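Novice: the sequence isn't on hand, but the structure is:
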């Protein structure tokens, strides 16, 4: 028995230098392995670990590392070593950490874990202790780590001044190839290169920051999705337009005028856009600077759009009324069978005249139409063939009527200017603009913004110089409107349909206006 113990100790002493020799043989061989061979080794070590350990202890010369690798290859993997090499980091156990008994060694080697990626194969011979199973916390942490590695990321970007598409993609961590693939998806892809500051993009990134989707948010109700697809070895982006429908709520507002329409509407919680639309509706019958008086009353019914319970914007004015100097003007929205939409009074007469009485919301008339005016800068008596409307710099200027832009440019005297031709007989001119918003040849609608009030050219202060020509002859814009063609009137059949469609709105509008008057009287 003593002899047996002595033989075992002697065998163990011989094993130690054999393990050290094995280390150096493994390291020298691993540097020659290809990626395929490295993966095979990782698989093979686990499966033959126990047999390898026993065979080395009994007879180290019976099996070499080369033979183990070669024997584990399939016919498909027995290929010559190529130049595409990988690095293998193998964390071998120290001599003192190896279990002594065969049973413990079998369990030890069977728990060895291998991590393989494109560049590295790692064998980890440091598993959790046999007597301690993985804790619930470690299992949960591993699950969380696995989920986070494949989690989808959404990144929102708003274009800033000076941005181009490549810069936005670069901020998200994407490269020029991603930009090219998205832009090549069609006309919508090319349109991404013509976006403006303030527009929004959303990026959806998958595993390894791979671009899965680009979403162009055109409005809360409309977005364009560029979705990644793969056909064979080709990657392309498919376009999907997504639209949503908003909930529409009807809103009533009414107020008395104490100073100006804008300020009174603001106090009544009416937005600037609704106020401007209301002024355009009544712009053919009311001059909202010269005609407005304290005590005037307006009532407006309009739409508000909601999405997921939140207000996103305002819609159309359904109906409006304005009482001025004892006369009440009513306007109702109506779309005829041809699809043309306009506002009509209760008699079926269009509220829209051929031209607006004033092409902007101005503060005052600083200079009237005068054929013998002393010029404030040159001090020379010269005809003033238009009206000067004083207004803050940047105030929107509207086209007085439908037409086509005949000129849009800049000169020393006129500064920035826009000329609009309305049919064969009429022309309107807009001078000293801060900024022009239309180009020559462009068609415009009545009420469309064509520029902003400024003080360019020969100018003593921010204002709009407005001219009105009939057959090439200058006319006074304040008086010529009375001589222009009358507004459109619905025929008998359309009028009957129109009257039926506005019946309930008429009652609601009158009722709401009455309540406001009663409340004010109390």
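Specialist: Thanks, I have the structure now. Keep in mind it's a predicted model, so treat the numbers as computed, not measured. Numbers count the residues shown, from 1 in each chain.
Novice: contacts only, for residue 293.
Specialist: Applying Cβ atoms under 8 Å, 6 or more residues apart in numbering, we find residue 293 in contact with 257, 324, 325. In short, each C-beta sits where N, CA and C put it, glycine included.
Novice: swap in 7 Å and give it another go.
Specialist: Residue 293 makes contact with 324, 325, according to Cβ atoms under 7 Å, 6 or more residues apart in numbering.
Novice: helix/strand/coil for it?
Specialist: coil (DSSP: H, G, I helix; E, B strand; the rest coil).
Novice: can you check the one 10 residues further on too?
Specialist: The three-state label for residue 303, taken from three-state DSSP, comes out as strand.
Novice: what's opposite it in the beta bridge?
Specialist: Under DSSP bridges, the beta-bridge partners of residue 303 are residue 250.
Novice: residue 254 too?
Specialist: Beta-bridge partners of residue 254, as defined by DSSP bridges: residue 299.
Novice: would you confirm that it contacts residue 510?
Specialist: No. Residue 254 lies out of contact with residue 510 (Cβ atoms under 7 Å); the separation is 11.4 Å.
Novice: state whether residue 190 is indeed within a helix.
Specialist: Yes. If the criterion is three-state DSSP, then residue 190 is within a helix.
Novice: show me the contacts for the closest residue to it other than its chain neighbours.
Specialist: Computed as Cβ to Cβ, 6 or more residues apart in numbering, the closest residue to residue 190 that is not its neighbour in sequence is residue 183, at 6.0 Å. The contact partners of residue 183, by Cβ under 7 Å, 6+ apart, come to 189, 190, 192, 193.
Novice: which one of these is nearest residue 339?
Specialist: Set against residue 339, the nearest of those by Cβ to Cβ is residue 190 (30.6 Å).
Novice: so how many other residues sit close to that closest one?
Specialist: 12 (other Cβ atoms under 10 Å).
Novice: tell me how far it lies from residue 182.
Specialist: 10 Å (Cβ to Cβ, to the nearest Å).
Novice: before we move on, what about residue 306?
Specialist: 32 Å.
Novice: ok, residue 481 next?
Specialist: From residue 481 over to residue 182 (counting by Cβ to Cβ), the distance is 52 Å.
Novice: between the two, which has more neighbouring residues?
Specialist: Neighbours were counted for residue 481 and for residue 182 using other Cβ under 10 Å; residue 182 has more, 24 against 18.
Novice: what residues of the helix or strand hosting that one count as buried?
Specialist: Here residue 182, judged by DSSP states H and E, is contained in helix 176-183. Buried residues in helix 176-183, defined by neighbour count with 16 or more other Cβ atoms under 10 Å: 178, 179, 181, 182, 183.
Novice: which one of those is nearest residue 470?
Specialist: The closest of these to residue 470 turns out to be residue 183 (Cβ to Cβ; 50.4 Å).
Novice: how much space between that closest one and residue 239?
Specialist: From residue 183 to residue 239 the distance is 12 Å (Cβ to Cβ).
Novice: one step back: farthest pair within the buried residues of helix 176-183?
Specialist: Checking the buried residues of helix 176-183 with Cβ to Cβ, the most distant pair is 178 and 183, at 9.6 Å.
Novice: after the helix or strand containing residue 382 comes which helix or strand?
Specialist: Using DSSP H and E, residue 382 falls within strand 381-384. Sequence-wise, the next helix or strand beyond strand 381-384 is strand 387-390, with elements assigned using DSSP H and E.
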